[in-house]
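**Q** Need coordinates for the following:
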Amino acid sequence: MKLSPIAIGLALASVGVAAQAQSSVTIFGLIDTNVSHFSASGSGSVNQLGTDGNQSSRIGFRGTEDLGGGLKAGFHLEAAINPDVGTGGSTSADNLKNQSGGLTFGRRSTVSLMGNWGEVRLGRDYTPGFWNLSKYSAFGTNGVGSAAGIFYPLKARITHVRASNSIGYHLPKMGGLFGQVMVARGEQAGNSDGNAAGARVGYEAGPFSVAIGTTTTKIAALGDFRQTNIGGSYDFGVVEVMALWGENKIGDSKTRSQSIGVQAPVGKAGEIRATIGTVNATHIGNDASHFAVGYVHKLSKRTVLYTTYGRVKNKDNGTAFAVADGIGATSPGGSSSGIQFGIRHNF
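**A** Residues are numbered from 1 along each chain as shown. From the prediction side, this is the model:
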């Protein structure tokens, strides 16, 4: 049977429409750039054109395919970028040390299968011990307002946020219950260095949310790194209140941190943020306190302006802690502070 060119064209078009209905690919990203001023006791001051003061700059690709019967396949490739200098971010192949070079999909690089039973992800992804630090902090994990300066461990940060060579499982929607388990491998011959495992479970319903998470990583040179935290929040409408507690252990060194934060809407376009926190350190040399206040103003659904001031004060003649992204104090018991003015645009 002969088919006319018109019939062939209509057949191909119908195939294309069917394929489009079954799969989708999205290009997405975010650019965050700011002007910052940092100062610290004994270290002087510095002015910078920086990035990631409100959220982390990135570019990515994600998509899903409907396989039928409630089963879907998906992928997610996300790379960090530094718009102030035009470089890419870093990643880690062994969960022990960072590697950089051009544009790397070090933020997330996963392929997954999803169904009514949950989701299985393979690749590089967030560790279960990280999510609470972003979810239950008034400034997330970005900029001088972030509690990262007192919540992040002092010696090893490689799996503090993400792990490579991982297999993860995420629970399906079960009312307000959510959870994640992960195992990852450093892929070292003859030893378990870089191997990581963790879990997170939480509950969220209406204005209330709470979760606990933990991750442990094998690091022979420093001692095993374990990160555990619990956080919660409640949105009263006029203000959202959040609290976070965390413990980081690396060998004999240990830090315990806690913070309380608020996010309060101002009119239709503004939001005031504030947080206070402390860190108690064992075998580190000193404790510290953190304070920050900021304002975010929406110009549109995709573009915001922001300003943030943050300060970290070391105690007990120590110098170990500093505002995130800033310079550290060198004078005993000194402080460090920073102020940022920036713009964030999502696409």
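**Q** is it true that residue 261 lies in a strand?
**A** Yes. Counting by DSSP: H, G, I helix; E, B strand; the rest coil, residue 261 is part of a strand.
**Q** beta partners for it?
**A** In this entry, residue 261 is beta-bridged to residue 242, residue 275, by DSSP bridges.
**Q** How about the one 5 residues further on?
**A** According to DSSP bridges, the residues that bridge with residue 266 are residue 270.
**Q** My read is that it contacts residue 294, right?
**A** No. With contact defined as CB atoms under 8 Å, residue 266 does not reach residue 294; the gap is 11.9 Å. The C-beta positions use only the backbone N, C-alpha and C, and glycine is treated the same way.
**Q** Need the residues touching each of those two.
**A** residue 272 (CB atoms under 8 Å, 6 or more residues apart in numbering).
**Q** Between the two, point out the one with more neighbours.
**A** Taking neighbours as other CB atoms under 10 Å, residue 266 and residue 294 compare with residue 294 leading, 24 against 11.
**Q** What are the contacting residues of the one helix or strand that one maps to?
**A** Using DSSP states H and E, residue 294 maps to strand 288-298. Applying CB under 8 Å, 6+ apart, the external contacts of strand 288-298 come out as 54, 138-139, 143-147, 149-150, 259, 266, 269-279, 281, 304-315, 318, 320-321, 323.
**Q** Between the two ends of stretch 181-189, how far is it?
**A** 25 Å (CA to CA, to the nearest Å).
**Q** List the buried residues of that stretch.
**A** If you call a residue buried by 16 or more other CB atoms under 10 Å, then stretch 181-189 has these buried ones: 182, 184, 185, 186.
**Q** Could you find the closest non-adjacent residue to the first one?
**A** Closest residue to residue 182 in three dimensions, ignoring its sequence neighbours and counting by CB to CB, 6 or more residues apart in numbering: residue 168, at 4.2 Å.
**Q** Surely the one you found and residue 127 touch.
**A** No. Using CB under 8 Å, residue 168 is not in contact with residue 127; the gap is 9.0 Å.
**Q** With neighbour numbers in mind, choose between those two.
**A** Set residue 168 next to residue 127 and count neighbours by other CB under 10 Å: residue 127 wins out with 27 against 22.
**Q** mind listing what the more buried one touches?
**A** 159, 160, 161, 162, 163, 182, 184, 196, 198, 215, 227.
**Q** Now do the strands in the stretch 151-300 of the chain.
**A** For the stretch 151-300 of the chain, the strands defined by DSSP state E, counting those that start in this stretch cover 162-170, 177-184, 196-205, 208-217, 225-235, 240-250, 253-266, 270-282, 288-298.
**Q** Kindly confirm my reading that residue 134 forms part of a strand.
**A** No. Looking at residue 134 with three-state DSSP, it is helix, so not inside a strand.
**Q** Got the confidence number for it?
**A** We note a pLDDT of 94 for residue 134 in this prediction.
**Q** Give me the distance between residue 39 and residue 144.
**A** 11 Å (CB to CB, to the nearest Å).
**Q** So for the two, which residue has more residues nearby?
**A** residue 144 (31 against 19).
**Q** Phi and psi next, for that one.
**A** Dihedral pair for residue 144: phi -70, psi -20, per degrees, to the nearest 10.
**Q** Touching, it and residue 340? I think so.
**A** Yes. Using CB under 8 Å, residue 144 makes contact with residue 340 at a distance of 5.7 Å.
**Q** what do those two both touch?
**A** By CB under 8 Å, 6+ apart, the residues touching both residue 144 and residue 340 are 36, 53, 308.
**Q** Okay, and which of those residues map to helices?
**A** Secondary structure defined by DSSP state H assigns none of the shared contacts of residue 144 and residue 340 to helices.
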